[in-house]
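Asker: mind folding the following:
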Amino acid sequence: MAKRINVILPEDTIRTIDRLARRGQRSGFIHRAVQHYVATAGPEAVQERLKRAAIRDRDLDLEISHDWLAVDQEQWLQLDMQEKRQRRLAA
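Answerer: I've put the predicted structure just below:
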C-alpha cells in the first residue's frame, strides 16, 4: 500500500530526480533509491561488508600479526633485560 507524503527537497536534487526518472515515475525512482541506500549504507549492510572484508583479508591480517609479534616479543625481552640490570645495580 502506498501513502502520499509531502517532502521538501533541494532544487538540485529535484532536477537530478527529473533527469534520471521517467516522466510520472518520481515516486518509484525515490522508492528504489531509498531501498538501495538502505541495502548499501544501512548498519546491516555496513556490518556485512566489514565481515566479508575480514574474511577476505584474514591471511594478510595473520601475516601482519606474526610480523608484529616478533617485534613485540623482542621489545619485551629488551625491557625485561633492562629491568633485571636495574635491579642488579640497585641491589
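Asker: quick check: mean pLDDT across the longest helix seen in the chain?
Answerer: Counting by DSSP state H, the longest helix found in the chain is helix 58-90. Helix 58-90 shows a mean pLDDT of 92 in the predicted model.
Asker: may I see the buried residues of it?
Answerer: For helix 58-90, burial by neighbour count (16 or more other CB atoms under 10 Å) applies to no residue. C-beta here means a position set from N, CA and C on the backbone, and glycine is covered the same way.
Asker: for that helix, enumerate the helices and strands it packs against.
Answerer: Packing contacts for helix 58-90, counted by 3 or more CB pairs under 8 Å, 6 or more residues apart in numbering; DSSP states H and E, involve no helix or strand.
Asker: domain parsing of the chain, as residue ranges.
Answerer: Under the assignment automatic domain parsing, the domains of the chain span 9-56, 58-91.
Asker: which of the ones you listed sits closest to residue 1?
Answerer: domain 9-56 (12.8 Å; CB to CB).
Asker: the closest one spans what distance, first to last residue?
Answerer: The first residue of domain 9-56 is 39 Å away from its last residue (CA to CA, to the nearest Å).
Asker: about what we covered before: the domains of the chain: which one's closest to residue 2?
Answerer: So among these, domain 9-56 is nearest, using CB to CB, at 7.3 Å.
Asker: distance from the chain centre to that closest one, please.
Answerer: Distance of domain 9-56 from the chain centroid (CA atoms, centre = their mean, to the nearest Å) equals 17 Å.
Asker: that older thread, in TSV, list the domains of the chain along with distance to residue 2.
Answerer: Formatted as TSV, these follow (distance: least, CB to CB, whole Å):
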stretch	distance to residue 2
domain 9-56	7
domain 58-91	45
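Asker: of all those domains, which one is nearest residue 3?
Answerer: When the domains of the chain are compared (using CB to CB), the closest one is domain 9-56, at 10.4 Å.
Asker: wait, isn't residue 17 in contact with residue 29?
Answerer: Yes - with contact defined as CB atoms under 8 Å, residue 17 counts as touching residue 29 (6.0 Å).
Asker: next SSE after the helix or strand harbouring residue 13?
Answerer: In this assignment (DSSP states H and E), residue 13 forms part of helix 11-20. Using DSSP H and E, the helix or strand that directly follows helix 11-20 along the chain is helix 26-41.
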